[in-house]
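Chemist: Quick check, what structure comes out for this input:
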Amino acid sequence: MEDSTRIIEYKCPCCNAGLRFSGHSQRLKCEYCGNTFDLDSVLAFNASQSQAPAEEVSWENSGPGEWTEEEQASLFGFQCPSCGGEILCEATTVASFCPYCGHSTILPSRVDGRLKPDTLLPFQTTKEDAKAAFLHLCKGKPLLPKGFTGEQRLERITGVYVPFWLYDCDADFSGSFHATRVRVWSDSKYNYTKTSHYLLKREADARFIGIPMDGSAKMEDSFMESIEPFDYGKLVEFDTAYLTGFLADKYDVPWKNGESRICQRVSAAMDSRILSSTIGYQTVIPASRQLQVKHSRARYALMPVWLLNTNYRGKIYTFAMNGQSGKMTGSFPICPKRTAAWFAGIFAAVTALVYLVQMLVL
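Modeler: Next comes the predicted model:
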């Protein structure tokens, strides 16, 4: 239960209120006085302020009842430096909010040493962008239940810096394929078909830079992969000031654990590249294949993701949006009545078309 974590809160140089990072302006903004500041100015101001470390809240004084061992292992309590309220967070939390005054709080010891990210991709979209993207995604889906789409169903929209591993590696491929080309022609007497058989041999090597894989056990890998790609040209050196106004987690999946998944992605990419060189054949069947992935290393990065939760009939549906590009993914409920009506309409249309064809033939 012991954690020597202290809390950082970036203060406005004008009114001393808490600041939040703005994805649109790429500056820190004060929601009280409305002023915006560049990162260096805020860092200089906060460095000049002498603040005592925040006091850690002991669990014995956190309230009635006793915490289970599992709860004590996963939850930690700290005092907000602005209002003194208690902030509860998980062991992997890097940045959070005070539930009483709403100020952003950063736990720097969670990103010290080996836990410190190598780089970070700042948010470039806002909560309003995420809401608009969700409503746009719901349009044009005839099987959605009536009433599912609506701002009032969005229970929570949260900006989260998700821990990612960015893998660099080299790949060597060698393989062979059985391929055929078919030529068809005719003369006044016969129709001819000539099938030519080929043995194709291919060798290729490639260097992959920054293959992403999320380093959080709470995030489904396929869910995060569906909002790719990220523009690495906008990566910046990690600084805790970028975390203000957002939640952030540190990794709890070691980079070695992702190597098998990275090999799968490299394999699929190499197969696609090799098959693109076999265009012009009627059939291409793999005969042999060897792939070697080597010199793998990973950089630790935080990537911006908007998570949206919407409640429909007591069930929570989660959507994720790339906090840089705005690409969104998620799963929708399906209305049984609308589905039945939709298929009935298709069946009726096909039946009518078949009837018209039969009438024309007669």
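
Chemist: Kindly list the main-chain dihedrals of the closest residue to residue 214 other than its chain neighbours?
Modeler: By the measure of Cβ to Cβ, 6 or more residues apart in numbering, the closest residue to residue 214 outside its immediate chain neighbours is residue 224, 4.3 Å from it. (Each C-beta comes from the backbone N, C-alpha and C, glycine too.) Torsion angles at residue 224 (phi, psi; degrees, to the nearest 10) stand at phi -70, psi -40.

Chemist: residue contacts, residue 224?
Modeler: Counting by Cβ atoms under 8 Å, 6 or more residues apart in numbering, residue 224 touches 162, 164, 212, 213, 214, 305, 320.

Chemist: Those residues in strands, which ones?
Modeler: Secondary structure assignment by DSSP state E places 162, 164, 212, 213, 214, 305, 320 of those in strands.

Chemist: burial count for residue 28?
Modeler: Residues lying near residue 28 (other Cβ atoms under 10 Å) number 25.

Chemist: could you turn the host helix or strand of it into PDB, dropping everything but the C-alphas?
Modeler: Assigned by DSSP states H and E, residue 28 falls within strand 27-30. Provided in PDB are the C-alpha atoms of strand 27-30 (Å, rounded to 0.1, in the frame of the first residue of the first chain):
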ATOM      1  CA  ARG A  27      -1.100  25.300 -25.400                       C
ATOM      2  CA  LEU A  28      -2.000  25.200 -21.700                       C
ATOM      3  CA  LYS A  29      -5.200  27.000 -21.000                       C
ATOM      4  CA  CYS A  30      -6.700  28.300 -17.800                       C
END
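
Chemist: What lies in contact with the following helix or strand past that strand?
Modeler: Downstream of strand 27-30, the next assigned helix or strand under DSSP H and E is strand 36-37. If you take Cβ under 8 Å, 6+ apart as the criterion, strand 36-37 is touched by 12, 13, 19, 22, 25, 27, 28, 29, 30.

Chemist: how many other residues sit next to residue 169?
Modeler: 19.

Chemist: now do residue 291
Modeler: 16.

Chemist: Just read off the phi/psi values of it.
Modeler: In terms of degrees, to the nearest 10, the main-chain angles of residue 291 are phi -130, psi 130.

Chemist: just so I have it, where are all the strands in the stretch 151-300 of the chain?
Modeler: Shown for the stretch 151-300 of the chain, the strands assigned by DSSP state E, counting those that start in this stretch span residues 154-186, 191-214, 236-237, 247-249, 283-312.

Chemist: farthest pair in the contacts of residue 224?
Modeler: 213 and 320 (15.1 Å; Cβ to Cβ).

Chemist: What's the separation between the closest residue to residue 327 other than its chain neighbours and residue 12?
Modeler: Nearest non-adjacent residue to residue 327, counting by Cβ to Cβ, 6+ apart: residue 227, 5.0 Å away. For residue 227, the distance to residue 12 equals 32 Å [Cβ to Cβ, to the nearest Å].
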